[in-house]
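Novice: need a structure here:
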Amino acid sequence: MHFSDCTLCPRNCHADRSAGDKADIRPGAHLGYCGQTVDITAARASLHRWEEPCISGQAGSGAVFFSGCNMRCVFCQNHSISIGQAGKTISIPRLSEIFLELQAKQAVNINLVTPTHFVPQIIRALETAKANGLTLPVVYNTSAYEKVETLKMLEGLIDIYLPDLKYYSPALSRKYSFAEDYFVYASAAIAEMVRQVGKPAFFSQENDTDNGLLPESNVPLMKKGVIVRHLVLPGCTKDSKAILHYLYHTYQNDIYISIMNQYTPLPQFLDIKSYPELSRAVTAREYNRVVAYAIRLGVENGFIQEGATHSESFIPSFDHTGL
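Specialist: Predicted structure coming up:
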């Protein structure tokens, strides 16, 4: 039903993904904007330690990196799977098994990375895994370019939402992600996420000395809630401040805000001639201005990144590990 005329995401491309063939790249082939058919494709399933500390913990988050993306940002750091053809086809029963295998490896949660275009299949896999002993919190890790109708399908299955809020400006979202309506959809999606899971809750508050803008240490594991991520882009501090203003005045401390400085220009993927302003990392001055603005606003629940974290080391090897 969902795949013969796919409208799972705001692209509303009406692709007949049920008839698709990933090997067929001709115009008119049955692929969605996400580049995917009805078959689940993923590139990696493993313990991942590069999320916010309350998501990664000490052991790592049980991350499943799905192939394809409905955003296809020009600066994407996971370009090889989001836009490329990298990935391995897996069945719904196999996905369910992967969730349980990650739990057996002591993952602190199940982390669904870029899952939007596979939501119906993920629902079935989660239901099966939960029936067979999955007890970990489930994290929905997304660009937030989501439809509320699709998110409502997940109610009761997701414990933690981990959305981006990439842009406030329609001009920026059009230029870098070909989605002028990004903020309209993303803001509505985040509101639905907050409605579903409510205020943040943690398994333990022991050793939690400060709930303010913290470096990545000494934070208990999240049990439920919403963490909104914002990646600061070079030359875009004005837009970053607009996003922080919106989030704080809309949600106060009912969400966490993660302000990231890890933007990494990847010349092998990025069209430098078309986007020369993205050919550098964010400066310390730019990032510090955004963090200082968050503090002036009164943000108390949040994470910041210390030092020069822009690096390809944040990007895992998409080599089909764990699939």
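
Novice: mind checking the backbone torsions on Gly87?
Specialist: The phi and psi values for Gly87, taken as degrees, to the nearest 10, are phi 140, psi 170.

Novice: OK, contacts around it?
Specialist: Neighbouring residues of Gly87 by C-beta atoms under 8 Å, 6 or more residues apart in numbering: Thr41, Ala42, Ala43, Phe66, Ser67, Gly68, Ile81, Phe318, His320. All C-beta spots, glycine's among them, are computed from the backbone N, C-alpha and C.

Novice: Show me which of these is closest to Lys152.
Specialist: Phe66 (20.1 Å; C-beta to C-beta).

Novice: my guess is that closest one meets Asn111, correct?
Specialist: No. Counting by C-beta atoms under 8 Å, Asn111 is not a contact partner of Phe66; they are 10.9 Å apart.

Novice: Could you list the single helix or strand in this structure with the lowest mean pLDDT?
Specialist: strand 213-214 (a mean of 46; mean pLDDT, DSSP states H and E).

Novice: Output the contacting helices and strands for the helix or strand following that one.
Specialist: Beyond strand 213-214 on the C-terminal side, the first helix or strand identified by DSSP states H and E is strand 222-231. For strand 222-231, the elements it packs on are helix 53-56, strand 160-163, helix 182-197, strand 201-202, helix 237-251, strand 256-260, judged by 3 or more C-beta pairs under 8 Å, 6 or more residues apart in numbering; DSSP states H and E.

Novice: Apply 10 Å and report the result again.
Specialist: Applying 3 or more C-beta pairs under 10 Å, 6 or more residues apart in numbering; DSSP states H and E, one finds that strand 222-231 contacts helix 53-56, strand 138-142, strand 160-163, helix 182-197, strand 201-202, helix 237-251, strand 256-260, strand 302-304.

Novice: For those, give me TSV that also has distance to Tyr275, mean pLDDT and mean neighbour count.
Specialist: Converted to TSV, the helices and strands packed on strand 222-231 look like this (distance: least, C-beta to C-beta, whole Å; pLDDT from 0 to 100; neighbours: other C-beta atoms under 10 Å):
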stretch	distance to Tyr275	mean pLDDT	mean neighbour count
helix 53-56	30	95	23
strand 138-142	23	98	25
strand 160-163	24	98	26
helix 182-197	17	98	20
strand 201-202	39	96	15
helix 237-251	15	98	18
strand 256-260	19	98	23
strand 302-304	26	94	22
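
Novice: got the ones you listed as JSON lines, with distance to Val219 columns?
Specialist: Formatted as JSON lines, the helices and strands packed on strand 222-231 follow (distance: least, C-beta to C-beta, whole Å):
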{"stretch": "helix 53-56", "distance to Val219": "4"}
{"stretch": "strand 138-142", "distance to Val219": "15"}
{"stretch": "strand 160-163", "distance to Val219": "14"}
{"stretch": "helix 182-197", "distance to Val219": "18"}
{"stretch": "strand 201-202", "distance to Val219": "8"}
{"stretch": "helix 237-251", "distance to Val219": "19"}
{"stretch": "strand 256-260", "distance to Val219": "10"}
{"stretch": "strand 302-304", "distance to Val219": "8"}
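
Novice: how about the closest residue to Thr7 other than its chain neighbours, what does it touch?
Specialist: Leaving aside its sequence neighbours, Thr7 sits nearest to His14 (C-beta to C-beta, 6 or more residues apart in numbering; 6.5 Å). Residues near His14 by C-beta atoms under 10 Å, 6 or more residues apart in numbering: Ser4, Asp5, Cys6, Thr7, Gly32.

Novice: Please, which helix or strand holds the last one?
Specialist: Following DSSP H and E, there is no helix or strand that holds Gly32.

Novice: okay, how far is it across stretch 262-280, tip to tip?
Specialist: Start-to-end span of stretch 262-280 (C-alpha to C-alpha, to the nearest Å) is 11 Å.

Novice: Show me what counts as buried in that stretch.
Specialist: Gln262, Tyr263, Thr264, Pro265, Phe269, Leu270, Leu278 (16 or more other C-beta atoms under 10 Å).

Novice: Surely the fourth one is in contact with Asp271?
Specialist: No. Taking C-beta atoms under 10 Å as the contact criterion, Pro265 and Asp271 are not neighbours in contact, 11.1 Å apart.

Novice: Please work out how many residues are found near Arg174.
Specialist: By the criterion of other C-beta atoms under 10 Å, Arg174 has 14 neighbours.

Novice: ok, it touching Asp181?
Specialist: Yes. With contact defined as C-beta under 10 Å, Arg174 reaches Asp181; the gap is 8.9 Å.

Novice: Need phi/psi at Asp271.
Specialist: The phi and psi torsions at Asp271 (degrees, to the nearest 10) take the values phi -80, psi 90.

Novice: shouldn't it be in contact with Leu278?
Specialist: Yes. Here Asp271 reaches Leu278: they are 9.1 Å apart, a contact under C-beta under 10 Å.
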